[in-house]
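In: sequence first, then the predicted structure, then my questions.
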Amino acid sequence: MLDDSMIQTIARQGRIYDLGQPLSNNMPGHPNHPPFIFTLMRRHGDVCRPNGYSSANELVVLSGHTGTHLDGLGHISEEGKLYGAVDAVEDQTSAGGLRSRGVETVAPIVARGVLLDVALRRGVDVLPGNSAQPPLPRASRCVPATSC
């Protein structure tokens, strides 16, 4: 487990890459999941208060698989069991998600990583919008994994 001093050392000496992606109405998504929808339901000027006050309010609709995300250990079950042999039906709630295997139980991840610049490899600045999960090109030089 990393302690605070180790995290601070990594933050000072290493590079940090934000893997989050902006959310937009035209972002790619898997067809099995609801699309991301953002709209201003109330715009400035729609309703003006006597003192000149107005507000804008949005409506956001999204699934748990919208944009960049991390699945919790309860995302998949096999033969009715979640990770750790937890009963999937017993662990889930309609309004609260999972009791014990949700992504909120995952500790922050600070680790070494490998950054693959797929766009550079394909000779473009940016991948087209329909390549949210492109097949990775075969690396020209690979370092064999020492463990899984």
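Out: Structure's in. What do you need? Residues are numbered from 1 along each chain as shown.
In: could you report the neighbour count for residue 101?
Out: 22 (other CB atoms under 10 Å). (C-beta placed from N, C-alpha, C; glycine too.)
In: point out where this protein drops to low pLDDT.
Out: Along the chain, segments meeting pLDDT under 70 span 1-2, 129-148.
In: which residues in it form strands?
Out: Taking DSSP state E to define them, one finds strands in the chain at 37-42, 57-61, 81-82, 86-87, 92-93, 97-98.
In: turn those strands into TSV, columns for mean neighbour count and distance to residue 51.
Out: Written out in TSV, the entries for the strands of the chain read as follows (neighbours: other CB atoms under 10 Å; distance: least, CB to CB, whole Å):
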stretch	mean neighbour count	distance to residue 51
strand 37-42	11	17
strand 57-61	10	18
strand 81-82	18	54
strand 86-87	14	55
strand 92-93	12	44
strand 97-98	17	42
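In: the ones you listed: which one's closest to residue 14?
Out: The closest approach between residue 14 and any of these, judged by CB to CB, belongs to strand 97-98 at 32.5 Å.
In: what strands line up against the closest one, and which way round?
Out: Sheet pairing here is set by DSSP bridges, and for strand 97-98 it gives strand 92-93 (antiparallel).
In: which residues touch the partner strand?
Out: Residues lying outside strand 92-93 but in contact with it, judged by CB atoms under 8 Å, 6 or more residues apart in numbering, are 74, 98-99.
In: could I get the strands of the chain as TSV with distance to residue 28?
Out: Conversion of the strands of the chain to TSV gives the following (distance: least, CB to CB, whole Å):
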stretch	distance to residue 28
strand 37-42	14
strand 57-61	16
strand 81-82	29
strand 86-87	32
strand 92-93	28
strand 97-98	25
